[in-house]
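In: I'd like to go over a predicted model; first the sequence, then the structure.
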Amino acid sequence: NAAVSDNLLGSVVEELLDEIWLLCFDEFMVLDIGDAMIIKRLFEHLFAKGMIMVATSNRPPDDLYYRGLNREYFLPFIPFLHQMCTVYNMDSSTDYRLIGTQVMIANN
């Protein structure tokens, strides 16, 4: 039942806010419709309560759950993300993960 789920998510958010004020999702992605629907409702609760969130992702918000099953149910969340978040594009031609590896190889 949706009301029970919303109450549960609301309780989880209240408990989180007792402990933290900032939440970070590293490599944020949405893999299936279950994730999509939970994340949508969770973020709505978090934003409504004033939680500050930071997320990294290899995909811009418009491409989250791209070509996913029943994506049309997730689509209304994308404008909400744009409304509530500032999106920064960090594209670079340099893969910084490889630089450390190359330095380690050169030093050995």
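Out: Here it is on my side, so go on.
In: which helices and strands does the helix or strand containing residue 46 pack with?
Out: Per DSSP states H and E: residue 46 is located in helix 33-48. Counting contacts by 3 or more C-beta pairs under 8 Å, 6 or more residues apart in numbering; DSSP states H and E, helix 33-48 is packed against helix 2-19, strand 52-55, helix 77-84. Every residue, glycine included, has its C-beta placed from N, CA and C.
In: In CSV, list the ones you listed along with mean pLDDT, distance to residue 63 and mean neighbour count.
Out: CSV is the format used below for these (pLDDT from 0 to 100; distance: least, C-beta to C-beta, whole Å; neighbours: other C-beta atoms under 10 Å):
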stretch, mean pLDDT, distance to residue 63, mean neighbour count
helix 2-19, 84, 25, 12
strand 52-55, 92, 14, 13
helix 77-84, 93, 9, 14
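In: Can you pull out the low-pLDDT segments for this structure?
Out: Filtered on pLDDT under 70, the chain yields the residue ranges 1-2, 4.
In: quick revisit: what comes into contact with the helix holding residue 46?
Out: Outside helix 33-48, the residues that touch it by C-beta atoms under 8 Å, 6 or more residues apart in numbering are 5-6, 9-10, 12-13, 16, 23, 30, 53, 64-65, 68-71, 73-74, 76-77, 80-81, 84.
In: Give the buried residues for it.
Out: Residues of helix 33-48 classed as buried under the neighbour-count rule (16 or more other C-beta atoms under 10 Å) are 36, 37, 39, 40, 41, 42, 43, 44, 45, 46, 47.
In: Return it as PDB; C-alpha atoms alone will do.
Out: This file holds the C-alpha atoms of helix 33-48, laid out as PDB (Å, rounded to 0.1, in the frame of the first residue of the first chain):
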ATOM      1  CA  ILE A  33      11.700   0.200 -12.000                       C
ATOM      2  CA  GLY A  34      11.800  -0.800  -8.300                       C
ATOM      3  CA  ASP A  35      14.800   1.400  -7.700                       C
ATOM      4  CA  ALA A  36      13.200   4.100  -9.800                       C
ATOM      5  CA  MET A  37      10.000   4.300  -7.800                       C
ATOM      6  CA  ILE A  38      11.700   4.100  -4.400                       C
ATOM      7  CA  ILE A  39      14.300   6.700  -5.200                       C
ATOM      8  CA  LYS A  40      11.700   9.000  -6.500                       C
ATOM      9  CA  ARG A  41       9.700   8.900  -3.300                       C
ATOM     10  CA  LEU A  42      12.800   8.900  -1.100                       C
ATOM     11  CA  PHE A  43      14.200  12.000  -2.700                       C
ATOM     12  CA  GLU A  44      10.800  13.700  -2.500                       C
ATOM     13  CA  HIS A  45      10.800  13.100   1.300                       C
ATOM     14  CA  LEU A  46      14.400  14.100   1.700                       C
ATOM     15  CA  PHE A  47      14.000  17.400  -0.200                       C
ATOM     16  CA  ALA A  48      10.700  18.200   1.700                       C
END
